[in-house]
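Asks: Got a predicted structure here, sequence first:
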Amino acid sequence: MMANLFSIFEPSSSIFNFSLNWLSTLLGLLFLPYLYWASPSRWSLCWSDMMFTLHKEFKALLTVSCVGSTMFFVSLFSLILYNNFLGLLPYVFTSSSHMVMTLALSLPLWVTLMVKGWINHTQHMFAHLVPQGTPPVLMPFMVLIETISNIIRPGTLAVRLAANMIAGHLLLTLLGNTGPTMTSSIVLSILIFSQILLLTLESAVAIIQSYVFAVLSTLYTSEIN
């Protein structure tokens, strides 16, 4: 039962050992040209306002102005958001629920920030290992704690996003598999209503986790400047 339950996250269709399910990650790109060649609609205006709001918020979080950095984090937010929402559609592979994708987003970003920080701001990176006001006796322990917390950052970013997407999809699948076995119409109505509520919750989680991933990435970037 557990193997069948988790099989919804396994890529199944492939050609020449290349999984076609991962192509669902690129489906979000199909929505972007519509914003440029079509006449403005409520959806496009709403999306533009949201992107502009995120741009201003990320710019405020960055302590030092970096040209184009806010657009990178806005694009990162859009990519994760599209994949989270596409995963809620039936028979669409949820790529953001896999550590392969989430680590591919967080690990290169973290490595780039660490290389830039230790090369250009070496003293600042050393000072960041010891919080201000730490007693001399506790300094070695604080250095160890800060080093470990810094190393596990890409892992926490990746695990947070993947775990939240997996948890909701497992609940949706588990409740959906019990539907055909229901004989009582009252219980079936309660099940359908709970599925609708859970789907609404998952839609909110898709937005929140995209925002959290982008904001934490922005905060990690601001620490090295």
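Replies: Great, that's in hand. Numbers count the residues shown, from 1 in each chain.
Asks: contacts and neighbour counts: CA atoms only from here.
Replies: Fine.
Asks: Next, work out how far apart P108 and H169 are.
Replies: Taking C-alpha to C-alpha, to the nearest Å as the measure, P108 and H169 are separated by 27 Å.
Asks: Tell me where this structure has strands.
Replies: Along the chain, the stretches classed as strands by DSSP state E are 14-15, 18-19.
Asks: ranking these by mean pLDDT, which is last?
Replies: Among those, strand 14-15 carries the lowest mean pLDDT, at a mean of 54.
Asks: just for the chain, where's the confidence low?
Replies: The chain contains residues with pLDDT under 70 at 1-20, 28, 31-39, 63-67, 225.
Asks: Show me which helix runs longest in it.
Replies: Longest among the helix segments of the chain by residue count, using DSSP state H, is helix 185-223.
Asks: So which bits of that helix are buried?
Replies: Under the neighbour-count criterion of 16 or more other C-alpha atoms under 10 Å, helix 185-223 has 188, 191, 195, 198-199, 202-203, 205-207, 209-211, 213-215, 217-218, 220-222 buried.
Asks: Can you work out which other helices and strands pack against it?
Replies: Helices and strands in packing contact with helix 185-223 are listed as helix 42-61, helix 69-86, helix 99-120, helix 153-178; criterion 3 or more C-alpha pairs under 8 Å, 6 or more residues apart in numbering; DSSP states H and E.
Asks: Give me whichever of these is most buried.
Replies: With neighbours defined by mean count of other C-alpha atoms under 10 Å, none of those is more surrounded on average than helix 69-86, at a mean of 20.
Asks: Which strands or helices does that helix pack on?
Replies: Packed next to helix 69-86, using 3+ C-alpha pairs under 8 Å, 6+ apart, are helix 42-61, helix 185-223.
Asks: To T25, which of these lies closest?
Replies: Each of these was checked against T25 via C-alpha to C-alpha, and the shortest separation belongs to helix 185-223, namely 14.5 Å.
Asks: distance between that closest one and the chain's centre?
Replies: Relative to its parent chain, helix 185-223 has a centroid offset of 11 Å by C-alpha atoms, centre = their mean, to the nearest Å.
Asks: ok, now stretch 209-225?
Replies: If you compare the mean C-alpha spot of stretch 209-225 with that of the full chain, they lie 11 Å apart, counting by C-alpha atoms, centre = their mean.
Asks: Check what contacts that stretch and list those residues.
Replies: By C-alpha atoms under 8 Å, 6 or more residues apart in numbering, the surrounding residues in contact with stretch 209-225 are 58, 61-64, 73-74, 76-78, 80-81, 109, 113-114, 116-117, 121, 124-125, 157, 160-161, 164.
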